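**Student:** take a look and give me a structure for this.
(one chain, ligands or ions: 1)
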Amino acid sequence: MKFLVINGVNLNLTGKREQGVYGTQTLEQINAELAAFCASQGDSADFYQSNIEGELVNKLHEAFLGKTHDAVILNAGAFTHYSYALRDAIAAIDIPVAEVHMSNVHAREEFRKTSVLSEVCKGVICGFGKHSYMAAICALKGGK
Ligand code: DQA
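**Tutor:** Alright, predicted model coming up:
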């Protein structure tokens, strides 16, 4: 399968910000591990990160219109909690999207317990650090 891993706002600072919550590995290091994980199973992954909501929407449209990928793994960061634009973009495309979070959003502040994306995603995985992404890849493969 061809996966598209999309990270949203502030995820470029992974490994540098709030290390107690998100760990010390950078996003680049995590992505390299994900790429190797996919390759070891005969799959491939492309990676995209943006802090700009509209660019994330554009990337989802691009994947849909260009038929470039079989599934999307999306960590939208804080956009998860309020972006109806991202929600509509996920609903608009016919590619399965897995919502992931490195931290357990249900064990943190109240506002993180709300996701406006979950309803339109195929599934949600949170709380396993970088392994949330890997679990999503396995789940999307199994669910196909
Ligand atoms: C996050 C959780 C969000 O609440 C937060 O805004 C993030 C990262 C996670 O991966 O745990 O930026 O999506």
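**Student:** touching, residue 61 and residue 93? I think so.
**Tutor:** Yes. Residue 61 is within contact range of residue 93, at 7.3 Å (criterion: C-beta atoms under 8 Å). Just so you know, the C-beta spots here come from the backbone N, C-alpha and C atoms, and that holds for glycine as well.
**Student:** these two: which is more packed in?
**Tutor:** residue 93 (16 against 13; other C-beta atoms under 10 Å).
**Student:** and that one, backbone torsions?
**Tutor:** When read as degrees, to the nearest 10, the backbone of residue 93 gives phi -100, psi 150.
**Student:** in which helix or strand does the spatially closest residue to it that is not a sequence neighbour reside?
**Tutor:** Closest residue to residue 93 apart from its sequence neighbours, by C-beta to C-beta, 6 or more residues apart in numbering: residue 64 at 3.7 Å. Secondary structure from DSSP states H and E places residue 64 in helix 53-65.
**Student:** sounds good, over and out.
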